[in-house]
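**Student:** Test case, fold it:
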Amino acid sequence: MDLLVAKRALGLLSIALGVVAVANPVRVSRSLGLTLDEQAMSAFGAREIAAGAGLLSPVKPGPWFWVRVGGDVMDMATLAKAIDRENPRRTAAFAALAAVAAIAALDLFFAARASLDKEENAEAAA
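**Tutor:** Here you go, the predicted model:
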């Protein structure tokens, strides 16, 4: 997958996830058994929307992939707390953690690729 395609796909994914978290933060938190308040979950969603908008904008995507990597780390740290045995939604939280870890691997791959290949990073600014 080239950097331009990854930038667009991950940008759209970020915006979609962010909109869900901002539109219904309580439901998202409850579905995963998280104890985040509404403002915290909305902030996570706003961060996703910002990262997605950055990736979809006509700029070099490298820094925006790194924003996503940082967000993935925050998400995984939050979800790791939710896989506690006392969480009745533990399975959902574990599935979300696995999905975020897989996406984090992609984000890290493309962030590193954009950092190492300055020419491809510049070409993806479309």
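**Student:** where does this structure dip in pLDDT?
**Tutor:** The chain contains residues with pLDDT under 70 at 126.
**Student:** Quick check: buried residues in the biggest helix by length in it?
**Tutor:** The longest helix of the chain (DSSP state H) is helix 90-116. Residues of helix 90-116 classed as buried by neighbour count (16 or more other C-beta atoms under 10 Å): 92-94, 96-97, 100, 103-104, 106-108, 110-111, 113-114. Using the backbone N, CA and C atoms, a C-beta is placed for each residue, glycine as well.
**Student:** just stretch 21-30 next, same as before
**Tutor:** 21-22, 24-25, 28-29.
**Student:** Report the next helix or strand after the longest helix of the chain in sequence order.
**Tutor:** With elements assigned by DSSP states H and E, the helix or strand that comes after helix 90-116 is helix 118-123.
**Student:** Just say helix, strand or coil for the residue of the chain positioned farthest from its centre.
**Tutor:** In the chain, counting by C-alpha atoms, centre = their mean, residue 86 sits farthest out from the average C-alpha position, at 26.0 Å. Secondary structure, DSSP: H, G, I helix; E, B strand; the rest coil: residue 86 is coil.
**Student:** Please determine how far it is located from residue 24.
**Tutor:** 24 Å (C-beta to C-beta, to the nearest Å).
**Student:** Ok, residue 91 next?
**Tutor:** Taking C-beta to C-beta, one finds residue 91 at 21 Å from residue 24.
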